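Student: just a sequence and a predicted model for now, questions to come.
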Amino acid sequence: MKAITQTTPYSPVYKTTTAQPGLLSKFFKWCTGQEENRLEWLGVALAVHGCIITPLIIILITMTGNNFILWITGMVAMGAALVVNLAAMPTKITLPVFFASLLVDLGIVAVCIAQAAAHMTF
């Protein structure tokens, strides 16, 4: 009979855990919070892309073989950032597009460096 009875009372232990927001959701929340700085971000996106990044990308593409696919990719990246800013989209759209286009430009730089390294002779 002793084996059937339980001497200590059973009390379930409940753990309440809150889900931590991920990095991507934190980024989108930050982008939404930047709505009051929309005009500054428009200026940064147009100035950085139009005056600094895109001319450098064009020079880099031209110096490493003038690959047409890279031309199209670079112009689409710049055009995407330009279109969403000139369409007066909210910052929850314009900032991710701007940063994604910068990542595309970094990819173009990596491809250009790889092409230049492939054509080097020692």
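Tutor: Great, that's in hand.

Student: give me the number of residues near the nearest residue to Pro21 once chain neighbours are set aside?
Tutor: Spatially, and ignoring its direct neighbours in sequence, Pro21 is nearest to Lys29 (7.5 Å; C-beta to C-beta, 6 or more residues apart in numbering). (C-beta placed from N, C-alpha, C; glycine too.) When neighbours are counted by other C-beta atoms under 10 Å, Lys29 registers 12.

Student: list of residues touching the host helix or strand of Lys29?
Tutor: Assigned by DSSP states H and E, Lys29 belongs to helix 23-33. By C-beta atoms under 8 Å, 6 or more residues apart in numbering, the surrounding residues in contact with helix 23-33 are 21, 90-92, 95-96.

Student: among these, who's most crowded?
Tutor: Highest count within the contacts of helix 23-33 by other C-beta under 10 Å belongs to Leu95, 25 neighbours.

Student: quick one, phi/psi of that residue?
Tutor: phi -70, psi -50 (degrees, to the nearest 10).

Student: and what of Asn66?
Tutor: phi 60, psi 50.

Student: can you show me the helices along the protein?
Tutor: Counting by DSSP state H, the chain has helices at residues 23-33, 38-47, 54-63, 68-86, 91-119.

Student: residues in contact with the residue most central in space within the chain?
Tutor: For the chain, Ala100 is the residue whose C-alpha lies nearest the centre (C-alpha atoms, centre = their mean; 3.8 Å). Counting by C-beta under 8 Å, 6+ apart, Ala100 touches Ala80.

Student: next: the one 10 residues further on.
Tutor: For Ala110, no residue meets the contact criterion (C-beta under 8 Å, 6+ apart).
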